[in-house]
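> What follows is a protein structure lacking sequence information:
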């Protein structure tokens, strides 16, 4: 009976992809987020950090950008939102630079044969956590793209979330 209740809760809970779509649509000063990083745990609880860039003129004809971060913690139907920016949180710019320098995972579609290429078992981490990263990007030909990385338990999306969460922990 416990398993049935647990599965029913998992089926009714919004997925990280649903929350990502909602967060991507959250405008701030008429701009959409440049990046969204989500950590989901225990089905109906999640923490998401969205990054926005705004530009302003300083009166001398020079335009400067300010980065803003929005942190949303959801537990069931409750949500708590906090904001910070590069004006009050110096580490935020380092987070933006770190996201721009992400090393993406190698794409490997073939499942290597154990006989040909023995590999260690994957590092799974906590299987009760899902991490998702969505960013706007440009390829080497300057064409705009959107990248989405999702992992269960461990991997680059978890590492990215942990980095951003640690860097901005004193800013909320």
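Nice, I can see it. Please read these numbers as outputs of a predicted model, since none were measured by experiment. Numbering: from 1, shown residues only.
> This structure: helices as residue ranges?
Assigned by DSSP state H, the helices in the chain fall at 2-12, 16-24, 91-100, 156-168.
> On the pLDDT front, check residue 167 for me.
Residue 167 is assigned 95 on the pLDDT scale.
> hang on, it packs against residue 94?
Yes: the pair residue 167 / residue 94 is scored as a contact, 6.2 Å apart, by Cβ atoms under 8 Å. C-beta coordinates here come from the backbone N, C-alpha and C atoms, glycine included.
> Neighbour count: the two, which is higher?
Here residue 167 and residue 94 are compared on neighbour count by other Cβ atoms under 10 Å; more neighbours surround residue 167, at 17 against 14.
> How about the contacts made by the residue nearest to the more buried one when sequence neighbours are not counted?
Distances taken as Cβ to Cβ, 6 or more residues apart in numbering place residue 91 nearest to residue 167, at 4.6 Å, with adjacent residues excluded. By Cβ atoms under 8 Å, 6 or more residues apart in numbering, the residues touching residue 91 are 167, 168, 170, 171.
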